[in-house]
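Q: Dropping the sequence and predicted coords here.
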Amino acid sequence: MDTTRPHPARIYDWFPGGRNDYPVDEATGRRMPAVEPGVPLTARTDRASTHRSVRRPAEQGVRRFPDAGAGIPAGPDPHRTVQGVAPGLPRRPRTPASPPDSRVAPDSRVVHRDDGPFVPAHVEALLRGAPGAPSTTCRRTRETAAEARTPHSASRYRGGRASSAPAASPSPARPDRARGGGGRPSVYGGGVRLEAITWERLADRLADRLLDLRPADGSSWPRVALDGAPAARPGDLAALVAEALRPRGRAARVVATSGFLRPASLRYEYGHQDVDSYHDGWFDTGALWREVFGPLYPGGDGRVLPDLWNPVTDRATRSPAVTLPPGSPLLLHGPFLLKEGFPFDLTVHLALSPGALRRRTPEEEHWTLPAYERYDRETGPAAVADVLVRADDPRHPAWNG
């Protein structure tokens, strides 16, 4: 291992606060933002996304996790995340790890796979002696791009041994999230248990939950998604939650993705009613990362931009940034929020049946309906959201508690 030359794996480990880098790696990492300012944020976000994407399946019964392109383990590495022994990302400056929480899945197994020649040695050294470490195996692999996309290439490893069994064997730990057709929880086929609630009580319950919410990455500001089509009116629920937090001593900031639309020349590049453009390119996700999520990362100043673009005038709003006091949550509402990998600490999805969505969407906007069908099919917000709300009848919502 040449410690006089920077290596991408060690640089990537340095950005989120890892401790397995050398001076040459740190020096390179400090120079990179001058060329590409988004690199540090991307590295931290990727770690947080990995934490969420493996923890939720573990809570639902999945016990086998192949980690392709694992890199050097850093908090939270998938092994500790699925076992529930390292709930958050380390901060800079480096501080002692927070106390472990209850172990979610101590019988989980993770196979770390990477083509870096020194990564297996790092994995074995760093995880040796950790709780559940015998369940962790690292393999050095070299795969072609086609092999990496082939399920059989990863699924033959189970607990570090060659096996023809699938890498993940679901046995839902949450009966109330039983699976419906297509392998995702079904909101309308009876696969998810929902209970009636009023919007005011729902806002109170969410506000109480936010009082105890601690961001996994050590941020001082909880980030909450209220995801749903405009017809489901997620902004109304965001306003109710903000109002419910006020007497509890918390001032929330409500931000709408409609204030971060891209210019009309970009939105309508392929026509005024292009479904794929609406799903993939109408909202300025780069600006949301930069102006909303970036300032709320650990060490950020908490100054977020409430909006950026006025779709009516097709001009910048020039709104001043607002400062969120520590502990104040961000409530971001809008459609398609759960497909972008944003670092949310709590996600709420407002679901509408296809019939209700069509009825409550203005006729001139019916061309957008296939985009929501695609979102449900590809992202499965009912499966990945922490809180699921059925809003078919605006007077009588129901939720999964």
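A: Yep, that arrived.

Q: Please work out how many residues are found near the residue nearest to Leu388 when sequence neighbours are not counted.
A: Ranked by Cβ to Cβ, 6 or more residues apart in numbering and with sequence neighbours excluded, the top spatial neighbour of Leu388 is Asn400, at 4.5 Å. The way it works is simple: take the backbone N, C-alpha and C, and place the C-beta from them, glycine included. As a burial measure, Asn400 scores 20 neighbours (other Cβ atoms under 10 Å).

Q: Check which element follows the lowest-mean-pLDDT helix or strand in the chain along the chain.
A: Considering only helices and strands, the least confidently modelled element of the chain by mean pLDDT, DSSP states H and E is strand 161-162, at a mean of 32. Next along the chain after strand 161-162, taking DSSP states H and E as the criterion, comes strand 195-196.

Q: looking just at contacts, which helices and strands does that following strand meet?
A: Applying 3 or more Cβ pairs under 8 Å, 6 or more residues apart in numbering; DSSP states H and E, one finds that strand 195-196 contacts strand 398-399.

Q: From the contact counts, what lies against the strand it packs on?
A: Based on contacts counted as 3+ Cβ pairs under 8 Å, 6+ apart, the elements that strand 398-399 packs against are strand 195-196, strand 387-390.

Q: what's next to the last one, contact-wise?
A: In this case it means strand 387-390. Applying Cβ atoms under 8 Å, 6 or more residues apart in numbering, the set of residues contacting strand 387-390 from outside is 185, 187, 192, 194, 202, 206, 237, 346-352, 382, 397-400.

Q: Can you list the strands that it pairs with?
A: In the sheet containing strand 387-390, the strands it pairs with under DSSP bridges are strand 346-351 (parallel), strand 398-399 (antiparallel).

Q: which residues are contacting the longest one?
A: Counting by Cβ under 8 Å, 6+ apart, the neighbours of strand 346-351 from elsewhere in the structure are 187, 206, 209-210, 213, 222-229, 232-234, 237, 337-338, 381-382, 384-391.

Q: quick one: which of these sit in helices?
A: Leu206, Arg209, Leu210, Pro234, Leu237, Pro381, Ala382, Val384 (DSSP state H).

Q: what about the closest residue in space to the first one that isn't next to it in sequence, how many neighbours?
A: In this case it means Leu206. Counting by Cβ to Cβ, 6+ apart, the nearest residue to Leu206 once its immediate chain neighbours are dropped is Val241, at 5.1 Å. By the measure other Cβ under 10 Å, the count of residues near Val241 is 26.

Q: on contacts alone, who are the packing partners of the helix or strand encompassing Val241?
A: Element membership of Val241, judged by DSSP H and E, is helix 234-245. Secondary structure elements in contact with helix 234-245, counted by 3+ Cβ pairs under 8 Å, 6+ apart, are helix 199-211, strand 223-227, strand 253-256, strand 330-334, strand 346-351.

Q: tell me which residues of the last one are tucked away?
A: Neighbour-count burial for strand 346-351, counted by 16 or more other Cβ atoms under 10 Å, picks out Leu346, Thr347, Val348, His349, Leu350, Ala351.

Q: Then the first one?
A: For helix 199-211, burial by neighbour count (16+ other Cβ under 10 Å) applies to Trp199, Leu202, Ala203, Asp204, Arg205, Leu206, Ala207, Arg209, Leu210.

Q: can I get these in TSV with distance to Trp289 and pLDDT?
A: Written out in TSV, the entries for these read as follows (distance: Cβ to Cβ, whole Å; pLDDT from 0 to 100):
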residue	distance to Trp289	pLDDT
Trp199	30	96
Leu202	29	96
Ala203	28	96
Asp204	31	96
Arg205	29	95
Leu206	24	96
Ala207	27	96
Arg209	25	94
Leu210	22	95
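
Q: Distance to Pro311 for the residues you listed - can I get that in a markdown table?
A: Rendered in a markdown table, the data for the buried residues of helix 199-211 read as follows (distance: Cβ to Cβ, whole Å):
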| residue | distance to Pro311 |
| --- | --- |
| Trp199 | 27 |
| Leu202 | 29 |
| Ala203 | 27 |
| Asp204 | 33 |
| Arg205 | 33 |
| Leu206 | 28 |
| Ala207 | 30 |
| Arg209 | 32 |
| Leu210 | 30 |
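
Q: about what we covered before: between the strands paired with strand 387-390, which one is nearest to Asp276?
A: strand 346-351 (21.7 Å; Cβ to Cβ).

Q: CA-only coordinates of the closest one in PDB, if you can.
A: Extracted in PDB, the C-alpha atoms of strand 346-351 (Å, rounded to 0.1, in the frame of the first residue of the first chain):
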ATOM      1  CA  LEU A 346     -38.300  11.600   9.100                       C
ATOM      2  CA  THR A 347     -40.400  10.900   6.000                       C
ATOM      3  CA  VAL A 348     -44.200  11.300   5.700                       C
ATOM      4  CA  HIS A 349     -45.900  10.200   2.500                       C
ATOM      5  CA  LEU A 350     -49.500  11.300   1.700                       C
ATOM      6  CA  ALA A 351     -51.000   8.600  -0.500                       C
END
